[in-house]
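Colleague: Okay, structure incoming, though there's no sequence with it:
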């Protein structure tokens, strides 16, 4: 069993922003993170950026993972990042999964999205990245 | 009691309504971070006002949907509400998927709600070890009502009965003989039975059966558990459910049961904490002792049995105390 150096489990919020009913990927990732020993708060479908940020704050998560397949990522992701900053939680890392063209991915990274996974990303890769970018606990 | 003159900053922040401070403090409690103790101490005097309602029942009976319906009802009456949703941790990976938020449909800007998911982290009984403390924090934060939704429960997951002042056991029609089998555990903590999914056929029968059972289950007080039918998806029966909770709460007050219950629980909690401390201390010391290794070897070679080995350890501990 993999042991983590931190004593408390990583808490991660997994949500699907906007109008997009395809949650299979999000569920598979949630499960993989669970199996890697993380506490996954699964918020599910049709979350507004406000929902996502409020959930992240109430749940005091170390990481936020957003899955999006609708194409609205250039609207929704910047909004989530801006809201996090506004609520003084800009240090909570955000990663993304879904169908995101390279050009957009570059822009999102510049805006502060820590990692972006497209089709073909392996679960091992996602788990490893999630572990390395999660906010450390004091 | 008045607040200590120098309250820790985190305690002041929580009292001032700072949601992030509350969220962080809850994490510290979950992680058994001892540096939070002064804050918890400072907040203790501010708790004791909230109505703590437990919702428990088998997997899939609609506890989360019921919580959502109750949230709406309570917010419409201007009650502030804290919610704790407990889900199990995997005994293998330690991880968990906490899904109680999925059913919650609320305005994220509504500061009259604070929802927190908790993983059981190896604790049995349907709650996490720190759920009681987190309930108290939501209380001290100023919530009027705290709803505690347990992990899907089996027969013996009755710990919420020691945390909440009113316990709702949620069931659905056609649990049939399973209902019978639940009698010994869950049924004994029910102040209210809620037959959820009452839009399904068989709800009347289940309610009738539970009413009979409610009269038969022995209790230490004079309250006769109420039976309510509800449908969380249609929103029916939610008012009746809350009225039943209020009726039980007022019974507790008028009968003086609330004081008795509180005293009993404080006693339990103090003893629990004392036991925890003793156990941790004793096992920590033992695990480092060469004596344990020697005894394990002796048992392994069958020159000693495990009970005698434990007895020797125990006697060694008593003898060594104070030295």
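Modeller: Structure's in. What do you need? As the structure is a prediction and not an experimental result, all values here were calculated from the model.
Colleague: now the helices for the chain?
Modeller: No chain was given, so I picked chain A. For chain A, the helices defined by DSSP state H occupy A:24-35, A:49-58, A:73-86, A:102-111, A:123-133.
Colleague: please go with chain B instead
Modeller: B:9-15, B:19-30, B:37-43, B:63-76, B:131-141, B:177-182, B:203-216, B:238-255, B:257-287, B:290-300, B:306-320.
Colleague: Just give me how far the longest one sits from the chain centre.
Modeller: Averaged C-alpha coordinates place helix B:257-287 at 16 Å from its chain's average position (CA atoms, centre = their mean, to the nearest Å).
Colleague: Show me what it is packed up against.
Modeller: Other elements packing on helix B:257-287 under the criterion 3 or more CB pairs under 8 Å, 6 or more residues apart in numbering or on different chains; DSSP states H and E are helix B:238-255, helix B:306-320. From N, CA and C alone the C-beta is placed, and that goes for glycine too.
Colleague: most tightly surrounded among those helices?
Modeller: Mean neighbour counts were taken over the helices and strands packed on helix B:257-287 using mean count of other CB atoms under 10 Å in any protein chain shown, and the top value, a mean of 17, falls to helix B:238-255.
Colleague: what's that one packed up against?
Modeller: strand B:51-56, helix B:63-76, strand B:166-171, strand B:192-195, strand B:226-229, helix B:257-287.
Colleague: per-residue pLDDT, the residue nearest to the spatial centre of chain A?
Modeller: What sits nearest the mean C-alpha location of chain A, by CA atoms, centre = their mean, is residue A:65, with 1.0 Å. For residue A:65, the pLDDT comes out at 97.
Colleague: ditto for residue B:77
Modeller: Residue B:77 carries a pLDDT value of 96.
Colleague: That one and residue B:302: what is the separation?
Modeller: As defined by CB to CB, to the nearest Å, residue B:77 lies at a distance of 68 Å from residue B:302.
Colleague: neighbour count winner among those two?
Modeller: For the pair residue B:77 and residue B:302, the greater number of neighbours falls to residue B:77 (11 against 7), based on other CB atoms under 10 Å in any protein chain shown.
Colleague: on contacts alone, who are the packing partners of the longest strand seen in chain A?
Modeller: With residue count as the measure and DSSP state E as the assignment, chain A has strand A:39-47 as its longest strand. For strand A:39-47, the packing partners by 3+ CB pairs under 8 Å, 6+ apart come out as strand A:11-17, helix A:24-35, helix A:49-58, strand B:96-98, strand B:113-119.
Colleague: swap the cut-off to 10 Å and go again
Modeller: For strand A:39-47, the elements it packs on are strand A:11-17, helix A:24-35, helix A:49-58, strand A:63-68, strand B:81-87, strand B:96-98, strand B:113-119, judged by 3 or more CB pairs under 10 Å, 6 or more residues apart in numbering or on different chains; DSSP states H and E.
Colleague: could you check the angle strand A:39-47 makes with the longest one?
Modeller: Here helix A:24-35 runs at an angle of 170 degrees relative to strand A:39-47 (axes from the mean of the first three to the mean of the last three CA atoms, to 10 degrees).
Colleague: does chain B sit close to helix A:24-35?
Modeller: Yes. Using CB under 10 Å from any CB of the partner chain, helix A:24-35 reaches chain B at A:27, A:30-35.
Colleague: Tell me the one of these nearest chain B?
Modeller: Sorting the residues of helix A:24-35 next to chain B by distance to chain B puts residue A:34 at the head of the list, at 3.9 Å, by CB to the nearest CB.
Colleague: Name all residues that make contact with residue A:36.
Modeller: When contacts are counted by CB atoms under 10 Å, 6 or more residues apart in numbering or on different chains, residue A:36 touches A:2, A:4, A:9-10, A:12, A:123-124, A:126-128, A:130-131, B:93-95.
Colleague: What number of residues are in the vicinity of residue B:163?
Modeller: Every residue meeting other CB under 10 Å relative to residue B:163 is counted, giving 24.
Colleague: thought it was touching residue B:132?
Modeller: Yes. Taking CB atoms under 10 Å as the contact criterion, residue B:163 and residue B:132 are neighbours in contact, 5.0 Å apart.
Colleague: Overlap in contacts, these two.
Modeller: Here residue B:163 and residue B:132 share the contacting residues B:52, B:84, B:148, B:265, B:269, scored by CB under 10 Å, 6+ apart.
Colleague: that older thread, of the helices of chain A, which is nearest residue B:121?
Modeller: helix A:24-35 (13.2 Å; CB to CB).
Colleague: In the closest one, which of the residues would be classed as buried?
Modeller: A:25-27, A:29-35 (16 or more other CB atoms under 10 Å in any protein chain shown).
Colleague: Repeat that for stretch B:55-68.
Modeller: In terms of neighbour count (16+ other CB under 10 Å), stretch B:55-68 has its buried residues at B:55-58, B:61-68.
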